[in-house]
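Trainee: Output the structure for:
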Amino acid sequence: MKAVTIQAPNEAALCDIEDTGVSAGQVKLRVMRVGLCGSDLNTYRGYNPLVSYPRIPGHEIGGEVIAVGDGVTRCRIGDRVVVLPCTECGECSACRSGRPNACRYNQTLGVQRQGGMCETLVVPAHKTLVCNELGFDELALVEPLAVGMHAARRAQINVGETVAVFGCGVIGLGAMAGAAAMGARVVAIDIDARKHDIAMACGAARFVNSQQEDLAALAQSIDGGRGPAVVIEAVGNDATFVEAVKLAAFAARVVYVGYAKKPVSYDSSQFVMKELDIRGSRNATAADFSAVLTLLEQGRYPTQQIVSAHYPLALAPQAFVDWAADPGAFTKILIDIQ
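Mentor: Numbering: from 1, shown residues only. Here you go, the predicted model:
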């Protein structure tokens, strides 16, 4: 069968791989859509330290069940499903504390193991969620939106609080929509004015271009000058890591879901003086996926605006070239596998 493989940095190609059958407890999917993630782009550029080559990318997957192994009851042939792409060991401290999304030994599809950018994929049945009410485009958006939802839930948002979100990529948009659904007033922050409309459609009450508006002045304009009760960083930039702490109100919560690409230097007195809660947010839980599916069914995400482009499987290597050339031009690229 056909698959896309990243052979080495800046080198992706269509290739043939072996088709596999299903064993007990597994399901086989006809992969319909795969979303390109920032981690896939970093793999293509050679910036992902967790990846060895060659690697089949893809962990944002919407597919159709075409075979089920013995003992599988949670889905049937013909069901539309989204894939939960991470593993958990069940024994590390994160797993034992009920947070398998942060498993110390996690392996994610398309990162530490071969991903879903191929015509068929075999996965454990318990790593699928059935949703026949949604289309495959929407199913391919669930994973990144769920990562954003998890960040919002990590913030323990209260109704009426102001939540500032750095970054209007899909994960940031997922955090905005999640926060808005929890009753927050959301401020979206980005450096690209092209993100304004989609941020507002995902529930933001205000959009701030941080290259044109001073963030100290922004803090003064929120909650009588107190600043936002929650700041979520979904960019992965050392500057926004620091700005998140500066922007946050006293006794606020700061949630980091992005990965800074280099060490971050802080004025640590901000942590103590403000008594901030600094929280990491990693991956997403099955509950986060289910929450996103519910919001998608309710039409709470502007999916047509989120999807910037479709590429057929044969042109997936070109999608990496185009995205690497102008990352800001795309919110989400979907690869149409079939």
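Trainee: For the closest residue to Val65 other than its chain neighbours, give me its contacts.
Mentor: Sequence neighbours aside, Asp79 is the residue nearest to Val65 in space, at 4.6 Å (criterion: CB to CB, 6 or more residues apart in numbering). Just so you know, the C-beta spots here come from the backbone N, C-alpha and C atoms, and that holds for glycine as well. If a contact means CB atoms under 8 Å, 6 or more residues apart in numbering, then Asp79 has Glu64, Val65, Val130, Asn132 as its contacts.
Trainee: Between the residues you listed, which sits nearest Pro144?
Mentor: Val130 (19.6 Å; CB to CB).
Trainee: and the helix or strand where Ala319 lies, what's its mean pLDDT?
Mentor: Using DSSP states H and E, Ala319 sits in helix 316-325. On average, the pLDDT along helix 316-325 is 97.
Trainee: ditto for stretch 277-289
Mentor: Mean pLDDT, taken over the full extent of stretch 277-289, equals 97.
Trainee: for stretch 176-186, same thing?
Mentor: The predicted model gives stretch 176-186 an average pLDDT of 97.
Trainee: Now that stretch - C-alpha only, CSV.
Mentor: Taking only C-alpha atoms (Å, rounded to 0.1, in the frame of the first residue of the first chain), the coordinates of stretch 176-186 have been written out as CSV:
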residue,chain,number,x,y,z
MET,A,176,-9.9,29.2,23.0
ALA,A,177,-13.0,27.2,22.1
GLY,A,178,-12.6,25.1,25.3
ALA,A,179,-12.2,28.1,27.5
ALA,A,180,-15.2,29.9,25.9
ALA,A,181,-17.3,26.8,26.4
MET,A,182,-16.3,26.9,30.1
GLY,A,183,-17.7,30.4,30.4
ALA,A,184,-14.5,32.4,30.1
ARG,A,185,-13.9,35.7,28.3
VAL,A,186,-11.1,34.8,25.8
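Trainee: How much space separates the residue lying farthest from the centre of the chain from Val65?
Mentor: Residue distances from the centre of the chain (CA atoms, centre = their mean) peak at Gly224, which lies 32.6 Å from the mean C-alpha position. Spatial separation of Gly224 from Val65 under the definition CB to CB, to the nearest Å is 53 Å.
Trainee: What distance do you get for the residue nearest to the spatial centre of the chain to Gln26?
Mentor: Residue closest to the average C-alpha location in the chain (CA atoms, centre = their mean): Pro144, at 2.4 Å. Distance from Pro144 to Gln26, counting by CB to CB: 25 Å.
Trainee: Same check on Glu64?
Mentor: From Glu64 across to Gln26, the span is 15 Å (CB to CB).
Trainee: Compare these two (neighbour count), which wins?
Mentor: Ranked by neighbour count (other CB atoms under 10 Å), Glu64 and Gln26 place Gln26 first, with 21 against 18.
Trainee: tell me which residues in stretch 153-166 are buried?
Mentor: Residues Arg153, Arg154, Ala155, Ile157, Glu161, Thr162, Val163, Ala164, Val165, Phe166 are the ones in stretch 153-166 that count as buried (16 or more other CB atoms under 10 Å).
Trainee: Same check on stretch 262-279?
Mentor: Lys274, Leu276, Asp277, Arg279.
Trainee: Look at Arg80 and report its pLDDT.
Mentor: 98.
Trainee: try Pro57
Mentor: Pro57 carries a pLDDT value of 98.
Trainee: Now it. Its backbone dihedrals?
Mentor: Phi and psi for Pro57, reported as degrees, to the nearest 10, are phi -80, psi 180.
Trainee: count of neighbours near it?
Mentor: Neighbour count for Pro57, taken as other CB under 10 Å: 30.
Trainee: Next: the one 5 residues further on.
Mentor: Using other CB under 10 Å, the number of residues around Gly62 comes to 28.
Trainee: right, and Lys261 touches Gly236 too?
Mentor: Yes. Counting by CB atoms under 8 Å, Lys261 sits close enough to Gly236 to count as a contact (6.8 Å).
Trainee: between these two, who's got more neighbours?
Mentor: Of the pair Lys261 and Gly236, Gly236 is the one with more neighbours under other CB under 10 Å, namely 19 against 11.
Trainee: tell me the contacts of the residue nearest to the more buried one when sequence neighbours are not counted?
Mentor: With CB to CB, 6+ apart as the measure, Gly258 is the residue that lies nearest to Gly236, at 3.1 Å, once sequence neighbours are left out. Remark: with contacts taken as CB under 8 Å, 6+ apart, Gly258 is in contact with Phe166, Gly167, Ile171, Glu233, Ala234, Val235, Gly236, Asn237, Thr240, Phe241.
Trainee: Surely the second one and Ala234 touch.
Mentor: If I follow you right, that is Gly167. Yes. Counting by CB under 8 Å, Gly167 sits close enough to Ala234 to count as a contact (3.8 Å).
Trainee: ok, and the closest non-adjacent residue to Cys37?
Mentor: In space, and not counting its chain neighbours, Cys37 is closest to Glu60: 5.8 Å by CB to CB, 6+ apart.
Trainee: Test for you: state the pLDDT assigned to the one you found.
Mentor: Reading off the model, Glu60 has pLDDT 98.
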